[in-house]
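Colleague: build me a structure from this.
(one chain, ligands or ions: 1)
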Amino acid sequence: MTTEFITRFAPSPTGRLHLGHIWSAMHGFDMSRAANGRFFLRIEDIDQGRCRPQFVDGIFEDLHWLGLDWDGDVVFQSDRSSAYADALDRLRAMDLVYRCWCSRAEISASAGAPQGDVGPTYPGTCKGRSSPTDSRPHCWRLDSAKAAVVAGPLIWREYGRGAIDVDPALFGDVVIARKDAETSYHLAVVVDDAAQGVSDVARGADLQNATHIHRLLQNLLGYKSPRYHHHGLIVGQDGVRLAKRKASPTIQSMRDAGVDPVGLMRGLRSGVFPVGFGLARG
Ligand code: GLU
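Modeller: Residues are numbered from 1 along each chain as shown. The predicted structure is shown next:
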């Protein structure tokens, strides 16, 4: 039996797309086309406080303009809460998650020092605190030490690098379901990649660390793990990556300025970036 080659682009509609998003979408699109596979579009809109419908329309418009058309129906994470609730139930049944009532301020006051882009890890204050009658809002956290024992040693397959050892404790006891949602970025991505049969994930190197927790969750939930291609990131003239810049030029602004979409995509595919953009070193 052969497995179908399926990639996806999974933007969050919290603003208009910039070149960094298109760079990522292009990798997924080109990989799927080269393999005669499928390329899906998934709108990651679980953060209802930050997502806006006009940005969803903007994503459709920009991808069409650049010829990055997707296959099948668009999946919206906001429609998938029951799938996330089921996955959370399964982790709960395995006793691998616990309730946490801590506020952000409490966590930053007591958490370990941030390490690179991983951020401070949760010190486990609520672990072992069983207060089912405490009705204050709470999130659910993964008991990463217990999860690591249940899963055993794990690897993921990275393009060009082979097997990467998983460090299940890299992020500590991550949030699996937020206070305001029945899920978190980590759980939703893992559940959806499995539900959509994604075989190959192309996404920015800034998400490589998240793959440690994604691979762990895939194992706990009995999902197949995709192969990963964490591609380099596009930076502006100042060397700062586009997602971190205050005002990165949007695809919409390029269109308004008369940029030729075919020329833009041809350039990107041969590693030639518009003036003022480049690939991050390292
Ligand atoms: N929604 C994430 C973002 O916009 C991407 C998630 C992923 O590709 O796994 O950065």
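
Colleague: got the CA coordinates for stretch 230-241 in PDB?
Modeller: Provided in PDB are the C-alpha atoms of stretch 230-241 (Å, rounded to 0.1, in the frame of the first residue of the first chain):
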ATOM      1  CA  HIS A 230      11.700  23.100   8.500                       C
ATOM      2  CA  HIS A 231      12.800  25.600   5.900                       C
ATOM      3  CA  GLY A 232      14.900  28.700   6.300                       C
ATOM      4  CA  LEU A 233      13.200  32.000   7.200                       C
ATOM      5  CA  ILE A 234      13.000  35.200   5.200                       C
ATOM      6  CA  VAL A 235      14.400  38.300   6.900                       C
ATOM      7  CA  GLY A 236      14.300  42.000   6.100                       C
ATOM      8  CA  GLN A 237      17.300  44.200   5.400                       C
ATOM      9  CA  ASP A 238      17.900  44.500   9.200                       C
ATOM     10  CA  GLY A 239      18.200  40.700   9.500                       C
ATOM     11  CA  VAL A 240      15.000  40.400  11.500                       C
ATOM     12  CA  ARG A 241      12.600  37.800  10.400                       C
END
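
Colleague: list the buried residues in that stretch.
Modeller: Within stretch 230-241, the residues that qualify as buried by neighbour count (16 or more other C-beta atoms under 10 Å) are 230, 231, 233, 234, 235, 236, 241. For the C-beta atoms, the positions are set from N, CA and C on the backbone; glycine is no exception.

Colleague: tell me which of the residues you listed is nearest to residue 39?
Modeller: Nearest to residue 39 among the buried residues of stretch 230-241 is residue 231, at 15.1 Å by C-beta to C-beta.

Colleague: once you drop chain neighbours, what's closest to the closest one?
Modeller: residue 27 (5.2 Å; C-beta to C-beta, 6 or more residues apart in numbering).

Colleague: residues in contact with that neighbour?
Modeller: 202, 229, 231 (C-beta atoms under 8 Å, 6 or more residues apart in numbering).

Colleague: and the stretch 151-282 of the chain, which residues reach the ligand?
Modeller: 189, 203, 207 (C-beta under 6 Å from any ligand atom).

Colleague: which of those residues fall in strands?
Modeller: Judged by DSSP state E, strands contain the following of these: residue 203.

Colleague: out of the residues of the stretch 151-282 of the chain next to the ligand, which is nearest to the ligand?
Modeller: The shortest approach to the ligand among these belongs to residue 203, at 3.7 Å (C-beta to the nearest ligand atom).

Colleague: and the closest residue to the closest one other than its chain neighbours, what element?
Modeller: Spatial nearest neighbour of residue 203, chain neighbours left out: residue 24 (5.9 Å); criterion: C-beta to C-beta, 6+ apart. Assessed by DSSP states H and E, residue 24 sits inside helix 19-34.

Colleague: would you mark the buried spots in that helix?
Modeller: 19-32.

Colleague: again, but for stretch 251-265
Modeller: Within stretch 251-265, the residues that count as buried by 16+ other C-beta under 10 Å are 251, 254, 255, 261, 264, 265.
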